[in-house]
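**Q** would you be able to build a 3D model of this:
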Amino acid sequence: MTHQRAFIDPSSVSGRPCPCPHRYVNAHLGDTVHLPCVIPWRPQDHDKWKVTWERKSEAGGKIFVHCQEGSSGEVKQNEDYSGRTSLSPNWEEKKSGTLELRNVKLTDAGLYTFWITPLPEEPDPSSMCCEVTLIVDNMGITKEKGCCCKCALPCKETHVGHTEYALSFSK
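**A** As a prediction, this is how the structure comes out:
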């Protein structure tokens, strides 16, 4: 079953303004970060809204990072993000779609998009509210395709005796 999303001008949802600022957030491995998104109007009857954060994949598709319908609290998401994301419990009162992402990984880097969708989804369109690019500092750790992460530390060789060597590593 193919689900098609109908999009409207990102500047409004049902005539309400919804700015689309593009922001950049920097993080280190293991950090907890907040991807900001302010909703400039208070969604009434929040049980009738779905909020979704998605990330653009390397192949150009979409990865569901956090999808929550109304106040149910039930979250649907890609398994790579399971247990690492949350919205404020009262996001509608705070007028904030800000996403908390815990234990940041190298693979989390990329373009994130926030959507707020009136329910039922069809025939009502979705509206984009925010785009955030997450930049993850790898702190000297490199990832090669098909390989685990490798860390390169400077090495100092010290000759101890005739056949013994001592190696020391520093960050």
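
**Q** which positions in the biggest strand by length in the chain come out as buried?
**A** The strand that spans the most residues within the chain, counting by DSSP state E, is strand 127-137. By neighbour count on 16 or more other CB atoms under 10 Å, the buried set for strand 127-137 is 127-132, 134, 136. Quick note: C-beta positions are derived from backbone N, CA and C, even for glycine.

**Q** pick the one among the residues you listed closest to Trp91.
**A** Taking CB to CB as the measure, Trp91 sits nearest to Cys129 out of the buried residues of strand 127-137, at 11.7 Å.

**Q** quick one, helices of this protein?
**A** Counting by DSSP state H, the chain has helices at residues 91-94.

**Q** so in terms of bridging, what pairs with Gly110?
**A** With DSSP bridges applied, Gly110 shows beta-bridge pairing to Leu134.

**Q** what about it, how many neighbours?
**A** 16 (other CB atoms under 10 Å).

**Q** can you check the one 3 residues further on too?
**A** Around Thr113 there are 20 other residues, counting by other CB under 10 Å.

**Q** now Gly30
**A** 10.

**Q** pull the contacting residues for the residue nearest to it when sequence neighbours are not counted.
**A** Nearest residue to Gly30, sequence neighbours excluded (CB to CB, 6 or more residues apart in numbering): Asn103, at 5.9 Å. Asn103 sits next to 30, 32, 84 when contact means CB atoms under 8 Å, 6 or more residues apart in numbering.

**Q** got the residues you listed as TSV, with pLDDT columns?
**A** TSV is the format used below for the contacts of Asn103 (pLDDT from 0 to 100):
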residue	pLDDT
Gly30	94
Thr32	97
Arg84	97
